[in-house]
Every structure is written in structure tokens, then in C-alpha cells.
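K.L.:
Give the three-dimensional model of this entry:
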Amino acid sequence: MTVTQISAQELFRSAYENRYTWDKSFPGYTADITYTYNQQVFTGKIHVNPDLKGEVLEVADEEAKKAIHNQLWETTIHRIRRTFEETHGANTFSYGDTDENGAVEIILGGKGAGDKYKLKNNEVCLVHRHIHGVVVTINTFSSHETGEGYLSHRYDSVYHDPQTGAQKGGKSNFEDEYEKVGNYFILKRRAISTETEGKTVDSEFVFSNIQLLG
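P.N.:
Numbers count the residues shown, from 1 in each chain. Sure thing, here's the model as predicted:
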């Protein structure tokens, strides 16, 4: 079956359902955290409940604690399992262009009007979304195949003003690595390199001694 024989919605649904997420039985977990920022090193512990709410413990520096918590939130929010209808039931989908790499553009209407994605090999390789008054664009360059869906491996992100198109903040490049603990894949390392005004700031989050709760 070719792309043109199936609807844009069905193609997008297939890629959406191919993402790796945690099931309803996910017990939560604990881990040690080592956060490196501009050659400063902070250590502590993290605790993620079964409802995927995260806590950062034993980190005295408030900025470091906030940075770790933000990454924990970014990670867990993408592991929540929601049906396609729950997330995209108010959207419509249509085909856009196919780029030189064979990625197919999907343009949203309805509630998600203005958003667009690109799909390749049953994975989302570009996200262009309006979120909280900004436009975020994420390009994914490689992924991990878990056997239960894919996880992004190398990707970048950049924010723009939706009215003017001006870039807000720097462009960040990410590299994620995962570890299988019990039945679940959990982030064990995230490296971020952010380019702002000609300067590059590197940070790294390493999660070790990962243990499921219960």
C-alpha cells in the first residue's frame, strides 16, 4: 500500500502509536543523578512516582535542582500513554510535501491548526508545534528501536516567536541514551549542547543505579 492510498490521519496515527510509552502498570523508579553544567558537577537523587510526578532530592543548589526537575518532567511527559483520540481527536490531517529524504509532511487543521509534522519509516522526524505562546521545531536525526516502539536518540530543538518568526533563545542539540530496567526503558543519559550568540553551553544528565519502585 502506498502513502497516497492511505489517509494522512491513518499514516500519522501509525507513527503516533509507534512511539515508546510506559503502560498503566509502570511502578515508578528511583535513581542517582549526576548533572554537569559548564564544568560544574551536582549530584543527588530522583524519585518518579507511578503517576509520573518527579522529585529531585539531595541537591542544594536551586538552579541545578530546577534544571534536573525540568529534564525529568520533559522525559516523563513523553512516556505517558494516551490514545490517539485523546491527543488528536480534535485535529484534522492532510498531506503536505515530501522532502528530498523521503519524509512526508502532515499538516494539521482543527484544534491543531498551524502545527505540522514530518514522518519517515513510521516515525515522526519533525515536529513544528505552537505551545504556550511559542513555536517549537524539533528535528530528529536518529532513534532507538525498543521492540515496543521507538525512542529519539539524536535531535535538536529551537523556539520562534509565532508572530514575528524571530528565534527565541538558542538552538539545542540533544543525545539520549536508555537502559532497560525490568520491563521498561528509562533514560540513563541526556547530553545537551546549546548554541546562543556564538557561544556553546554543554550540560549532561546521567542517571545511574536506576531501580523500579515496589
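K.L.:
can you confirm Gln9 is in a helix?
P.N.:
Yes: counting by DSSP: H, G, I helix; E, B strand; the rest coil, Gln9 is found in a helix.
K.L.:
So it sits against Gly89, correct?
P.N.:
No: look at Gln9 against Gly89 with CB atoms under 8 Å: they stay out of range, at 10.6 Å. Glycine gets a C-beta too; all of them are placed from N, C-alpha and C.
K.L.:
per-residue confidence for the residue most central in space within the chain?
P.N.:
Geometric centre of the chain, nearest residue: His78, 5.7 Å, by CA atoms, centre = their mean. On pLDDT, His78 comes in at 92.
K.L.:
give me every residue that touches it.
P.N.:
Arg19, Thr21 (CB atoms under 8 Å, 6 or more residues apart in numbering).
K.L.:
Return the set of residues that bridge with Thr34.
P.N.:
Thr43, Val206 (DSSP bridges).
K.L.:
Please give me every residue in contact with it.
P.N.:
For Thr34, the contact set (CB under 8 Å, 6+ apart) comprises Val41, Phe42, Thr43, Glu204, Phe205, Val206, Ser208.
K.L.:
can we see that at 7 Å?
P.N.:
The contact partners of Thr34, by CB atoms under 7 Å, 6 or more residues apart in numbering, come to Val41, Thr43, Val206.
K.L.:
got it, and Thr140?
P.N.:
Shown in contact with Thr140 (CB under 7 Å, 6+ apart): Val124, Cys125, Ser152, Tyr155.
K.L.:
Out of those, who's the most crowded?
P.N.:
Counting neighbours by other CB atoms under 10 Å, the top entry in those is Cys125, with 23 neighbours.
K.L.:
Does that one touch Tyr117 like I think?
P.N.:
No: using CB atoms under 7 Å, Cys125 is not in contact with Tyr117, being 8.4 Å away.
K.L.:
And the contacts of Thr34, which of them are buried?
P.N.:
Using 16 or more other CB atoms under 10 Å as the burial test, the contacts of Thr34 include Val206 as buried.
K.L.:
measure His160 to Lys171 for me?
P.N.:
Using CB to CB, to the nearest Å, we find His160 at a distance of 11 Å from Lys171.
K.L.:
Could you export the contacts of Thr34 to TSV, including columns for distance to Asp51 and pLDDT?
P.N.:
Shown next, in TSV, are those (distance: CB to CB, whole Å; pLDDT from 0 to 100):
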residue	distance to Asp51	pLDDT
Val41	30	97
Thr43	26	98
Val206	25	98
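K.L.:
before we move on, the earlier item: please identify which of Gln9 and Gly89 sits among more neighbours.
P.N.:
Comparing Gln9 with Gly89 by other CB under 10 Å, the one with more neighbours is Gln9, at 17 against 10.
K.L.:
show me where the chain has strands.
P.N.:
With DSSP state E as the criterion, the chain has strands at 29-37, 40-48, 54-57, 91-98, 104-110, 116-120, 123-131, 134-145, 150-160, 167-181, 184-196, 199-212.
K.L.:
Out of the ones you listed, which is the most enclosed?
P.N.:
Highest mean neighbour count among the strands of the chain (mean count of other CB atoms under 10 Å): strand 116-120, with a mean of 21.
K.L.:
quick one: it to strand 134-145, angle?
P.N.:
Here strand 116-120 runs at an angle of 20 degrees relative to strand 134-145 (axes from the mean of the first three to the mean of the last three CA atoms, to 10 degrees).
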